[in-house]
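Engineer: Predicted model and sequence below, questions to follow.
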Amino acid sequence: MKTKRLNWTLLAQRLAFAFLGGGMLLYALWPWLPLVHGKPPRTLVLYGFSILGEVMNEGIFPAFQEVWAAQTGERVEFISAFASSGTVTNQMIMGVPAEVAILSLELDALRLVEHRVVDGPTWKALPHEGVVNRTPFIILVRPGNPKQISDFADLTRPGVGVVHPDPLTSGGAQWALLAEYGSVTLQGGSETAAYEQLLGIWRNVVAQAASARATRTQFETGFGDALITYEQELVRDRARGRLTAEPVYPHSTILSEHTVVVLERNIRPEQRELVDAFVNFLWSEEAQRIFVAYGFRSVDESLNSANPDFGYIAAPFVVADLGGWIAARDNIVNAVWKERVLPELRR
Amino acid sequence: MRTDRLTQPPLGPAQRPLRRTTPLPVGILLAVMLPLILMPLSAIYLFAGRGGLGEFVRMLSSPDAQFALRFSLLIALATAVTNGFLGTYAAYVLSKYEFRGREALIVIVNLPVAIPTVVVGTSLLLLWGPIGLLGQFLDPLGLQPMFAPAGVLLAHLFVTFPYMLGAVKPVLDELDVTYEEAAYTIGASRWQTFRMVILPALKGGLFSGALLTFAHSLGEFGATVIVSGNLRLRTQTAPLYIFAQFEAGNLETANAVASVLATLSFLLFFILIRFTQRKV
């Protein structure tokens, strides 16, 4: 403390700091300041599985916002979260305030029933029993297909590294299991042959991630030679010119079906009309066309020709061909993969 | 993490002469630090800027990204202010009073630095969540702190609690009790003593403690991802947004927000060093 003179540097520093702090505060508070904003918008809370993020945020939400605004003049905002199907389901069991959920498989929806988040399989009453769109499971390989992979059977060859989502959390991974198994049994193969194929593929799994999306990121960062994933992902990437891998369409594979669940207990009475309108909109021709544009196959077959990037599958099948999800879970996921393949791999 | 280094006056250059050195030790240090710290940090900026400035701005100005940044700043501010009071009070009690269990209490309040943040998130959920110990009674009342901004704040208060304490308590410990006693003898009330005697001494500690808390809250991930429900436009903080974009394969978007967050952290760190006037 030499003199009492004004210390300009210190003052300048303090001013700069005050401006910085004040500026940050103003920026942070801006949307909540009562200056320019009109009526707050209606909101709808939607939880979805990983690959839906883009089509919902960029396609479905804006389209419905227009429809709803034209009908009622109200602005509606979507509060949404996208993660792996299992994670989303667990979050709903833990009590997140979701009003509508789109899960990658009916099994997760059944888990919601088990935990009394919804009363019974209410989605069966929705159009197409709650199935909003589909996409087949196919194989993605490195450019030029250096390992000469043409079907699931080739993934069992020694030296092929497979990147696979984790069936414990990923809905996509469970679909992939059914594809790997059902593509044998439904084509006249024996159950032993199907088991052998599943075991062979899983022996070659070099990396696993929690969701189908994360697995894709893993594959893109250079892991493995082949990835089993949703066709939707590559159709989307090809449309954007970002596809750095080659799709391989198996002779026979499963079409995954994605289930819409309405969570009645989280819907306040005044939200009823909005939720119903949105859920119905999902099966409208407009919404189905958006799904097709974003690489999902519509439940209305006639719309699918609109996307030239959909590949040809000689013998597609659905989970109903395997006896429905409960039978598929018990007989394939649990009895074969969990109880026979996994212990065998540990040995 | 030890925080008292930043608040306690270190020895000046006069007492602690630095040795002259050949370039070798410095070179080795740089060689280790380059791939460990410096290169990853510059990679963020390089990737964020790859699409050009227009693209960078476009990614930052999406409503989700804007919300995430604003929400993070507000939560960090609220955390710093709340823990500023709570932490100072805790530091005062623990520093000035002698009571049974004081040592144990000191350990307990510092515990949050040792617990993995994911565990903090899970435990909060099991306490306040709709199926939690307390939450199951709140849920029928329509109160639901989890999956809402309140839950995020709770998690951040928990996780950052020790930082304020660590910054303030050492100063209080050093502060001679005779100053306080002198104030009382001339008739000052307890509040007056606190305001006129203790608070001025604490200024530096409070400031650096608040900044540390703010910075940690800004970057908190583990507990937040569990308690927030990861809802865009409602509870998604900037780190959660970055992770969600990374998971969705939008590396550029993730990097744009990451670079803003990194810049903010640099700025905070710079201020922390500059204003506490310490030799680092």
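Structural biologist: Sure, I can see it.
Engineer: secondary structure class for whichever residue of chain B sits closest to chain A?
Structural biologist: Nearest residue of chain B to chain A (C-beta to the nearest C-beta) works out as residue B:130 at 3.2 Å. All C-beta spots, glycine's among them, are computed from the backbone N, C-alpha and C. Of the three states, residue B:130 takes coil under DSSP: H, G, I helix; E, B strand; the rest coil.
Engineer: Over to residue B:46?
Structural biologist: Applying three-state DSSP: residue B:46 is helix.
Engineer: The residue of chain A found nearest chain B: neighbour count?
Structural biologist: Residue of chain A nearest chain B, by C-beta to the nearest C-beta: residue A:95 (3.2 Å). Residue A:95: 22 surrounding residues under other C-beta atoms under 10 Å in any protein chain shown.
Engineer: Tell me the pLDDT of the nearest residue to the residue of chain B closest to chain A once chain neighbours are set aside.
Structural biologist: Closest residue to residue B:130 apart from its sequence neighbours, by C-beta to C-beta, 6 or more residues apart in numbering or on different chains: residue A:95 at 3.2 Å. Looking at residue A:95, its pLDDT reads 86.
Engineer: ok, the closest residue to residue B:207 other than its chain neighbours - how many residues close by?
Structural biologist: Counting by C-beta to C-beta, 6+ apart, residue B:207 lies nearest to residue B:275, which is 6.3 Å off, once chain neighbours are set aside. Neighbour count of residue B:275, defined by other C-beta under 10 Å: 16.
Engineer: ok, residue B:275 - contacts?
Structural biologist: A:13, A:17, B:207, B:208 (C-beta atoms under 8 Å, 6 or more residues apart in numbering or on different chains).
Engineer: can the helix or strand harbouring the second one be found next to chain B?
Structural biologist: Residue A:17 is located in helix A:8-29, with elements delineated by DSSP states H and E. Yes - interface with chain B: helix A:8-29 contributes A:13, A:17, A:20, A:24, A:25, A:27, A:28, A:29 (C-beta under 8 Å from any C-beta of the partner chain).
Engineer: Show the pLDDT at the last one.
Structural biologist: Note on residue A:29: pLDDT of 87.
Engineer: residues near it, how many?
Structural biologist: The burial count for residue A:29: 13, using other C-beta under 10 Å.
Engineer: Same question for the third one.
Structural biologist: For residue A:20, the neighbour count with other C-beta under 10 Å is 13.
Engineer: Also the fifth one?
Structural biologist: Residue crowding around residue A:25 was assessed by other C-beta under 10 Å; the count is 13.
Engineer: you'd agree it is up against residue B:77?
Structural biologist: Yes - the criterion here is C-beta atoms under 8 Å, and residue A:25 meets it with residue B:77 at 6.9 Å.
Engineer: So which residues of the chain form strands?
Structural biologist: Since you didn't name a chain, this refers to chain A. A:42-49, A:76-83, A:100-103, A:131-141, A:162-165, A:205-209, A:226-230, A:246-248, A:252-262, A:297-298, A:315-317 (DSSP state E).
Engineer: rank these by pLDDT, which is bottom?
Structural biologist: Looking at these, the bottom one is strand A:205-209 with a mean of 87.
Engineer: Show me what counts as buried in that one.
Structural biologist: Buried residues in strand A:205-209, counting neighbours by 16 or more other C-beta atoms under 10 Å in any protein chain shown, are found at A:205, A:207, A:208, A:209.
Engineer: Same check on stretch B:154-168?
Structural biologist: In stretch B:154-168, counting by 16+ other C-beta under 10 Å, buried: B:154-168.
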